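Chemist: Provided below are the primary sequence and the corresponding predicted coordinates.
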Amino acid sequence: MNRNTLRNYCSVLLTLGIAAGSALAASAQEADVPDPRNVEILGDLDAGHWVEVRGSLLESGTFVAERIELTRPRREDFLWGPAKAGATAGRITVLGRDIETGPTTRWAGGTLETCIGQRVRVRGLENKHGGIVAHSIEVRNPGVARIAGRIENAEQLSDGTLHVEVLGFPVLIPPDVKQRSAIPLSSLQLAAAARPSSVAADMGDFFGEGFMISKTVRVGVQQEIAVGSRRNMELDDPDDTDIDELDDRDDTGSRLRARVVWAPTPRVTSLVDLRHRILRRDLGGGLHETSDEVSVGEAYVLFRDVGLGFDIQLGRQDFDDSREWLYDQNLDALRLFRDAGPLHLEMSVSTTLSDGSLRDEDALNTIVYVSNRNRRRHMAAYLVHRDFGSTRDEASSHIGVRAIGRWSDQIRGWVELSSLTGNRGPRDVAAWGGDMGLSWTSSSPSRLTLSLGLAHGSGDSGGTRDSLFRQTGLQDNNARLGGVTAVRYYGELMAPELSNMIISTVGIGRRFMKTSSIELIGHTYHQDVASTSLPRTSIDQNPDGVSKDLGTELNIVIGIRRFERLDFEIVGARFEPGSAFPIGEPATLARVQVRYRY
């Protein structure tokens with residue numbers, strides 16, 4: 001299938017899907033308006049309703065409801081329960097959730113030290129790791145556990161029990177528990193969900209509270225400014241005046257994003273993300289480049305509970321996993337979601353219709369992802385198949401398993417294992433890749449962190465089968481280690497794809513001011529099979545194909561998230577070439593980034 005045929009096929013698919021989706025939305029607006037006379041009927045609860053649930057938390061992490069109250073949506077989430085000491089300074093746990101406090105957290109009736117063992121009310125916002133960033137904490141009298149937030153999923157079980165998800169908690173509502181609402185359901189504003197709850201989002205996808213322009217439309221704005229410099233990416237001798245120095249550059253960039261979310265019914269949510277990016281690149285010698293681009297980041301419609309328990313998301317949408325080891329890219333897709341007991345299923349067919357590389361625009365992607373619905377200890381199996389069409393004669397299938405999460409109060413870890421099959425031209429592919437590591441945080445006042453990691457992507461030894469491992473091509477390899485900000489965990493400067501490479505990582509850091517951190521991270525790089533090629537890396541030089549020692553890199557990363565709407569990130573990196581670059585000289589990188597959320 002050539003690229004033009006593929007694009008035409010996907011355009012027709014999306015057009016038909018949007019037309020069908022519009023019909024569904026129209027019917028949903030008519031069918032989903034609850035009758036105020038039925039406020040006591042359990043089945044009226046649905047995704048989008050904002051509820052306060054009182055009950056008890058089982059050891060399994062399931063919340064059993066004793067009373068339900070529907071209210072108008074609020075800007076923040078709430079927890080009521082006994083406070084316990086957290087794994088690190090500045091944190092507590094409530095109902096098993098990690099609560100992050102800081103200088104902007106308002107306290108009432110107690111302090112971080114005196115609230116331990118007492119029942120508290122936490123008000124804040126949920127983060128991507130399932131914890132709560134606390135805006136206020138108030139010590140309360142003893143009482144039952146309570147949670148308040150948006151219903152993400154609702155499923156009626158065979159015995160009449162309603163199974164919903166609130167703040168990531170599985171909530172069971174027995175048939176004899178009646179909902180209460182002082183306001184007729186037809187008058188209740190629905191809380192918008194910008195994306196399915198199972199889809200991870202990186203820090204760049206978080207917006208401020210924004211503002212409501214109607215009962216069903218919210219607008220959020222984010223501004224990002226970054227200044228960066230990199231030197232000697234060709235690893236040349238800087239004293240050699242005959243060497244072209246155009247690999248040195250200084251970048252100054254600004255990106256403005258506006259996100260509009262419209263939720264006309266509990267079952268329909270649409271989102272449009274508009275972006276304006278300006279970049280000035282100074283190349284030295286009086287040369288510079290300037291670009292000014294306006295683009296659409298995301299533009300999709302999400303339909304919930306369309307039949308057989310499935311949700312459907314249609315349009316350009318963000319594919320983003322928590323470690324971005326598989327994908328972090330906007331794709332034009334038809335995507336299905338379904339919860340089945342303890343499992344969550346995602347299936348999608350996607351491509352890139354515009355604003356992508358020729359390779360991505362040629363590709364037709366099929367993704368199946370099955371996970372355990374546990375944000376704290378996420379486990380999953382997946383298939384990522386990419387067919388690049390007859391013009392490229394290439395196809396790849398990644399089949400793998402992963403486990404990511406907090407495995408004790410002080411340890412977070414990850415395991416990634418993936419096999420790769422398919423073909424590259426006439427050769428069949430049989431390769432493998434893996435990544436494992438952990439991050440430990442001390443419970444002492446020093447708030448030290450230690451991170452260890454080892455990643456291995458097989459190389460091609462030249463047999464009848466191609467054994468060179470490549471990642472999916474949609475990855476970004478960006479996630480938190482021990483600090484408050486995400487890092488390129490294979491190196492900020494080299495930033496390689498895990499391919500024919502063994503990467504070891506050691507990081508040590510410290511949290512300070514409770515919401516800020518500094519990390520010193522070191523990497524060593526060795527080829528699995530000595531080769532003269534280096535796939536997808538920022539280093540613009542080829543190794544000699546004799547030595548496997550590519551070199552080492554040292555990063556320093558400072559993250560400051562002291563303010564609710566303002567983030568700072570400072571990065572410095574230095575790469576020391578190994579013996580695979582016999583005449584190589586060091587390369588350096590520096591970057592400062594500021595992000596503000598309106």
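Modeler: Happy to help now that I have it. Numbers count the residues shown, from 1 in each chain.
Chemist: so L57 touches A65, yeah?
Modeler: No: contact criterion CB atoms under 8 Å: L57 and A65 do not qualify, at 10.9 Å. All C-beta spots, glycine's among them, are computed from the backbone N, C-alpha and C.
Chemist: Which one's more surrounded, those two?
Modeler: A65 (21 against 16; other CB atoms under 10 Å).
Chemist: Check which helix or strand the more buried one maps to.
Modeler: strand 63-71 (DSSP states H and E).
Chemist: Which positions within that strand qualify as buried?
Modeler: Residues of strand 63-71 classed as buried by neighbour count (16 or more other CB atoms under 10 Å): F63, V64, A65, I68, L70, T71.
Chemist: ok, of the residues you listed, which one's closest to P342?
Modeler: F63 (15.0 Å; CB to CB).
Chemist: In JSON lines: the buried residues of strand 63-71, plus pLDDT and distance to C115.
Modeler: Converted to JSON lines, the buried residues of strand 63-71 look like this (pLDDT from 0 to 100; distance: CB to CB, whole Å):
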{"residue": "F63", "pLDDT": "90", "distance to C115": "22"}
{"residue": "V64", "pLDDT": "91", "distance to C115": "25"}
{"residue": "A65", "pLDDT": "91", "distance to C115": "26"}
{"residue": "I68", "pLDDT": "89", "distance to C115": "27"}
{"residue": "L70", "pLDDT": "85", "distance to C115": "29"}
{"residue": "T71", "pLDDT": "80", "distance to C115": "25"}
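Chemist: Let me know the closest of the residues you listed to A587.
Modeler: Using CB to CB, these come closest to A587 at F63, 51.7 Å.
Chemist: and L358, backbone torsions?
Modeler: Note on L358: backbone dihedrals following degrees, to the nearest 10 are phi -60, psi -40.
Chemist: all strands of the stretch 451-598 of the chain, in order?
Modeler: For the stretch 451-598 of the chain, the strands defined by DSSP state E, counting those that start in this stretch cover 478-479, 487-488, 501-512, 516-526, 549-560, 566-577, 587-597.
Chemist: okay, those strands in TSV with distance to L162, mean neighbour count and mean pLDDT next?
Modeler: Below are these laid out as TSV (distance: least, CB to CB, whole Å; neighbours: other CB atoms under 10 Å; pLDDT from 0 to 100):
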stretch	distance to L162	mean neighbour count	mean pLDDT
strand 478-479	35	20	94
strand 487-488	41	22	96
strand 501-512	41	20	95
strand 516-526	41	20	96
strand 549-560	41	21	97
strand 566-577	39	19	95
strand 587-597	35	18	94
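Chemist: and of those, who's closest to Q410?
Modeler: strand 501-512 (12.8 Å).
Chemist: so what does that closest one touch, helix or strand wise?
Modeler: strand 427-441, strand 448-457, strand 516-526 (3 or more CB pairs under 8 Å, 6 or more residues apart in numbering; DSSP states H and E).
Chemist: would you turn those into JSON lines with distance to P496?
Modeler: What follows is those, written out as JSON lines (distance: least, CB to CB, whole Å):
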{"stretch": "strand 427-441", "distance to P496": "12"}
{"stretch": "strand 448-457", "distance to P496": "9"}
{"stretch": "strand 516-526", "distance to P496": "7"}
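Chemist: Report pLDDT for the nearest residue to F388 once chain neighbours are set aside.
Modeler: Nearest in space to F388, with sequence neighbours left out and distances taken as CB to CB, 6 or more residues apart in numbering, is E394 at 4.4 Å. According to the prediction, E394 has pLDDT 93.
Chemist: strands paired with the helix or strand encompassing Q222, and their directions?
Modeler: Using DSSP H and E, Q222 maps to strand 217-231. With DSSP bridges as the test, strand 217-231 is paired with strand 211-212 (antiparallel), strand 249-265 (antiparallel), strand 587-597 (antiparallel).
Chemist: now what about the last one, what contacts it?
Modeler: Residues from elsewhere that reach strand 587-597, judged by CB atoms under 8 Å, 6 or more residues apart in numbering: 203-204, 206-208, 220-233, 235, 492-493, 539, 565-575, 577.
Chemist: again with the shortest one
Modeler: Applying CB under 8 Å, 6+ apart, the contact partners of strand 211-212 are R218, V219.
Chemist: Now that strand: average pLDDT?
Modeler: Per-residue pLDDT over strand 211-212 has a mean of 77.
Chemist: again, but for the second one
Modeler: Model confidence over strand 249-265, given as mean pLDDT, is 91.
Chemist: Quick one: distance of it to the chain centre.
Modeler: 16 Å (CA atoms, centre = their mean, to the nearest Å).
Chemist: ditto for the last one
Modeler: In terms of CA atoms, centre = their mean, the centre of strand 587-597 is set 20 Å apart from its chain centre.
Chemist: Would you mind getting the angle between that strand and strand 566-577?
Modeler: 170 degrees (axes from the mean of the first three to the mean of the last three CA atoms, to 10 degrees).
Chemist: looking at this, E361 is in a strand?
Modeler: No: counting by DSSP: H, G, I helix; E, B strand; the rest coil, E361 falls outside a strand, being helix.
Chemist: residues touching A108, list them.
Modeler: The neighbourhood of A108, defined by CB under 8 Å, 6+ apart, consists of S136, I137, E138, V139.
Chemist: Please determine how far H276 is located from L353.
Modeler: 20 Å (CB to CB, to the nearest Å).
Chemist: Apologies, that question was intended for T505.
Modeler: For T505, the distance to L353 - CB to CB - is 37 Å.
Chemist: Output the lowest mean pLDDT helix or strand found in this protein.
Modeler: Ranking every helix and strand in the chain by mean pLDDT, DSSP states H and E puts helix 3-31 at the bottom, with a mean of 44.
Chemist: Report the next helix or strand after that helix in sequence order.
Modeler: Assigned by DSSP H and E, the successor of helix 3-31 is strand 50-57.
Chemist: could you give the angle of that following strand to strand 63-71?
Modeler: Using the same axes, to 10 degrees: strand 50-57 against strand 63-71 is 160 degrees.
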